[in-house]
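*Asks:* what's the 3D shape of this:
(2 chains)
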Amino acid sequence: MSLFRSEDHVRRWTRANGYEIGAVVTLAQVWQLAKAWYTDPRSPEWRPRRRDQSQAVIASVGLTGAFWELPG
Amino acid sequence: MAAIDSVALRVFVYDEILARGKPPSLASIASHFAVSPPDARGALANLKIGKTILVDPTSGEIWMAGPFAAKESSYRVVGDRQSWWANCAWDMLGVAMIANEPVNIESRCTDCGDPMTIRGDPTAPPASEAVVHFLVPARRWYDDIGFT
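*Replies:* Residues are numbered from 1 along each chain as shown, chains lettered A, B, ... in the order given. Below you'll find the predicted structure:
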């Protein structure tokens, strides 16, 4: 997951490096994802998430569809 | 093998990262829990907390403890009292969440290399036109976590 100045820069970089564009996400949405995903592992309530829980976190910030499907 | 409580180990690892900017070494873990380095290595390998803490298969040292990277990366996260390395552009904001403080993120555009500084505040999304590119679909994130 790499940082770019804009979607234009993503297009240029993927073309130059022979990659297909995956998914371009705004920084605000990645912030939402980070906030939902990362809870303090020092908390007594912290537990590793199951796959379905992780999938629900991703969907909760609007990232849905085949690209966002975690491995089964 | 001398036992280390898995919760105590997890808490120690993250306490050390937040306080010192990098994960503890096997030697440091062994010293803290009064066990041998091989026992510390075994305890880390047996944490079984998904992909949260990953160890270098050769050295046994912590490679990443999400969202923190053990070594220098493209994402430097600077807090008030400490700085950290993040694994990726998602994790750079995750560091702000775990540190629970506003941070400045120093990085570069992956395309043009221009320096980028982003304010990461755990209470409000960044005001930035920057974007994050997810090259690899989620089903393949863990095939090669370093590449992802």
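
*Asks:* Tell me where the model's unsure across chain B.
*Replies:* Along chain B, segments meeting pLDDT under 70 span B:1-2, B:50, B:144-148.

*Asks:* Could you break it into its assigned domains?
*Replies:* Residue ranges for each domain of chain B read B:6-56, B:75-120, as given by automatic domain parsing.

*Asks:* export the ones you listed to a markdown table and tack on distance to B:Trp63?
*Replies:* (Glycine included, C-beta is placed from N, CA and C.) Putting the domains of chain B into a markdown table (distance: least, Cβ to Cβ, whole Å) gives the following:
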| stretch | distance to B:Trp63 |
| --- | --- |
| domain B:6-56 | 5 |
| domain B:75-120 | 10 |
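
*Asks:* Just say which of those is most tucked in.
*Replies:* domain B:75-120 (a mean of 20; mean count of other Cβ atoms under 10 Å in any protein chain shown).

*Asks:* separation between A:Gly72 and B:Arg139?
*Replies:* A:Gly72 is 8 Å from B:Arg139, where distance means Cβ to Cβ, to the nearest Å.

*Asks:* quick one, which of the two is more surrounded?
*Replies:* When A:Gly72 and B:Arg139 are compared for neighbours, B:Arg139 comes out ahead with 14 against 5, by other Cβ atoms under 10 Å in any protein chain shown.

*Asks:* pretty sure that one is in a helix, no?
*Replies:* Yes - according to DSSP: H, G, I helix; E, B strand; the rest coil, B:Arg139 belongs to a helix.

*Asks:* For the residue nearest to it when sequence neighbours are not counted, give me its contacts.
*Replies:* Leaving aside its chain neighbours, B:Arg139 sits nearest to A:Pro71 (4.8 Å; criterion: Cβ to Cβ, 6 or more residues apart in numbering or on different chains). Going by Cβ atoms under 8 Å, 6 or more residues apart in numbering or on different chains, A:Pro71 touches A:Arg51, B:Ala138, B:Arg139, B:Arg140, B:Trp141, B:Tyr142.

*Asks:* How much space separates A:Pro71 from B:Val131?
*Replies:* From A:Pro71 to B:Val131 the distance is 25 Å (Cβ to Cβ).

*Asks:* do the same with A:Gly22
*Replies:* Between A:Gly22 and B:Val131 the distance is 12 Å, computed by Cβ to Cβ.

*Asks:* Those two: which has the busier surroundings?
*Replies:* Neighbours were counted for A:Gly22 and for B:Val131 using other Cβ under 10 Å; B:Val131 has more, 23 against 18.

*Asks:* Surely that one and A:Val25 touch.
*Replies:* Yes - the pair formed by B:Val131 and A:Val25 meets the contact definition of Cβ atoms under 8 Å, at 6.5 Å.

*Asks:* list residues touching both of the two?
*Replies:* In contact with both B:Val131 and A:Val25: no residue, using Cβ under 8 Å, 6+ apart.

*Asks:* what's the closest of the domains of chain B to A:Ile58?
*Replies:* Relative to A:Ile58, the nearest member of the domains of chain B by Cβ to Cβ is domain B:75-120, separated by 10.9 Å.

*Asks:* Just the terminal-to-terminal distance for the closest one.
*Replies:* Taking Cα to Cα, to the nearest Å, domain B:75-120 runs 12 Å from one end to the other.

*Asks:* Which stretches in chain A count as strands?
*Replies:* A:2-4, A:23-26 (DSSP state E).

*Asks:* Give me the residues contacting the last one.
*Replies:* When contacts are taken as Cβ under 8 Å, 6+ apart, the neighbours of strand A:23-26 outside the stretch itself are A:Glu7, A:Val10, A:Leu33, A:Leu63, A:Phe67, A:Trp68, B:Val131, B:Val132, B:His133, B:Phe134.
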